[in-house]
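Student: Here is my input, please return the structure:
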Amino acid sequence: MKARFMIEKPDDIECTMKITMTVKEWVELRDQLNSKWPSARLGQAITSVVTEARKTYYAPDKSAI
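Tutor: Down below sits the predicted model:
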């Protein structure tokens with residue numbers, strides 16, 4: 001048997017990238033992104049992750065009480 005594997009629409013292939021940076025670096029990257037899609041979507045995702053990290057790992061602000 002012979003078979004051939006072809007990718008007909010390479011732009012439609014989903015890819016995953018793992019990037020490791022400090023929270024400070026993520027926030028700086030987010031602030032540099034413009035408001036056009038898809039960079040705006042990435043900025044929103046960074047905001048969501050940073051917000052959750054801060055809720056989990058940062059000490060509560062005692063002055064807000």
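
Student: Tell me the predicted confidence for Ala64.
Tutor: The model reports Ala64 with a pLDDT of 58.

Student: for Pro10, same thing?
Tutor: Model confidence at Pro10 (pLDDT) stands at 89.

Student: separation between it and Glu25?
Tutor: To Glu25, Pro10 is 30 Å away according to C-beta to C-beta, to the nearest Å. Any C-beta I mention is one placed from the backbone N, CA and C, and that applies to glycine too.

Student: between these two, which one's more packed in?
Tutor: It is Glu25, of Pro10 and Glu25, that has more neighbours when counted by other C-beta atoms under 10 Å, with 11 against 6.

Student: where does the protein have low pLDDT?
Tutor: 61-65 (pLDDT under 70).

Student: quick one: the helices in it?
Tutor: 23-32, 39-57 (DSSP state H).

Student: Just send those back as TSV, with distance to Met17 too.
Tutor: TSV is the format used below for these (distance: least, C-beta to C-beta, whole Å):
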stretch	distance to Met17
helix 23-32	13
helix 39-57	11
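
Student: Which of those helices sits closest to Arg4?
Tutor: helix 39-57 (35.3 Å; C-beta to C-beta).

Student: Buried residues of the closest one, list them for me.
Tutor: 43, 46 (16 or more other C-beta atoms under 10 Å).

Student: mind listing what Ala40 touches?
Tutor: Contact analysis of Ala40 by C-beta atoms under 8 Å, 6 or more residues apart in numbering lists 33-34.

Student: One more pass at 7 Å, please.
Tutor: Leu33 (C-beta atoms under 7 Å, 6 or more residues apart in numbering).

Student: Could you do the one 10 residues further on as well?
Tutor: Taking C-beta under 7 Å, 6+ apart as the criterion, Val50 is in contact with 23, 26-27.

Student: Now which of the residues you listed would you call buried?
Tutor: Trp26.

Student: Nearest to Ala53 among the contacts of Val50?
Tutor: Among these, and counting by C-beta to C-beta, the member closest to Ala53 is Val23, at 6.0 Å.

Student: pretty sure the closest one is in contact with Ala53, am I right?
Tutor: Yes - applying C-beta atoms under 7 Å as the test, Val23 and Ala53 come out as touching, 6.0 Å apart.

Student: Cheers, nothing more for now.
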